[in-house]
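**Q** could you look at this predicted model? Sequence included:
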Amino acid sequence: MQIYRAILTLLENTYFASREVGTLYESEPLVGNYALTYGLGLCAAPYDWSGPPRYKQDLGPLNERGLYVTPATFLPGKLRFAFSQFNAQSDSYYFRFDQNAIATTPNKRARAANFPQSGKIRMLGLESQAHFYLFSREGEMPLLPGYIRLGKFNSKARVEWERLNLLSEQPREADEELRFFLNAVDLPASLAGKLRAFSIYNIYPAPLLSQCRLAGPFWQATTAQGERVVLPAGMRYGVDAL
């Protein structure tokens, strides 16, 4: 098993449609691991796709290859937000408000539009920094990109990688408190049943957990600076449960 720690630095304001509160569209202070997996190029969806989400088709094969990416957790003091307004209403001489749409032709009803036409957005701000982990089975090392794009606006981000030094070749039983995000549906049954405490972010497509206290098998490793890192063993994309 190879485990890498990555530092993600946002080089542009980055927006994810995490939550809608009236006319405010918010990005939660995190980056989901499914979005990271696509952004890192570990899988790819068709360029032109109008069907349902493809998580099972795209992420499922990574389980067979032994690849897994955790959600990104922002570092203390390294999270910024940026606010912006948008207005997608028509600039035509004539317009009126219909139900869920703006009509631009007199006496002709407009078709309903399933997208916001005005409001405010809260984005993850420029120079925010987060960390996440990548697991790779021996012999399955993927290409580790230095720059990726994330979010609805394809915002640019830098990724710096460090391979961790594993303290043992097999996971060890432990009782740990983790201060980084975990995907609830990606936890193995041996760990999910031993969650003693956690905070939860209910976001699509799967809830993310933070401040977890749990017992079970863990990988134990150190960074080049000697920092101890403990990570749950057996995590995989739980796309069959979505």
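**A** Ah, there it is.
**Q** show me where pLDDT drops low in this structure?
**A** Along the chain, segments meeting pLDDT under 70 span 89-90, 99-100, 112-115, 117, 140, 192.
**Q** can you name the farthest residue from the center of it?
**A** Largest separation from the mean C-alpha position in the chain: Asn107, at 45.1 Å (C-alpha atoms, centre = their mean).
**Q** measure the residue nearest to the spatial centre of the chain to Leu208 for me?
**A** Residue closest to the mean C-alpha point of the chain, counted by C-alpha atoms, centre = their mean, is Gly32 at 1.3 Å. Distance, Gly32 to Leu208, using C-beta to C-beta, to the nearest Å: 7 Å. Just so you know, the C-beta spots here come from the backbone N, C-alpha and C atoms, and that holds for glycine as well.
**Q** who touches both of these two?
**A** Here Gly32 and Leu208 have Pro71, Asn183 as joint contacts, going by C-beta atoms under 8 Å, 6 or more residues apart in numbering.
**Q** tell me where this structure has helices.
**A** For the chain, the helices defined by DSSP state H cover 33-39, 55-65, 189-192.
**Q** quick one: the residue farthest from the centre of the chain from Tyr94, how far?
**A** From Asn107 to Tyr94 the distance is 11 Å (C-beta to C-beta).
**Q** what number of residues lie near the closest residue to Ala224 other than its chain neighbours?
**A** Excluding the flanking residues, the one nearest Ala224 by C-beta to C-beta, 6 or more residues apart in numbering is Glu162, at 6.4 Å. Look at Glu162: counted by other C-beta atoms under 10 Å, it has 14 neighbours.
**Q** repeat that for the one 4 residues further on.
**A** For Leu166, the neighbour count with other C-beta under 10 Å is 17.
**Q** go on, Asn154?
**A** Counted with other C-beta under 10 Å, residues neighbouring Asn154 total 11.
**Q** same check on Pro53?
**A** 14.
**Q** burial count for the nearest residue to it once chain neighbours are set aside?
**A** Closest residue in space to Pro53, ignoring its immediate chain neighbours: Pro205 at 6.6 Å, by C-beta to C-beta, 6+ apart. Using other C-beta under 10 Å, Pro205 has 12 neighbouring residues.
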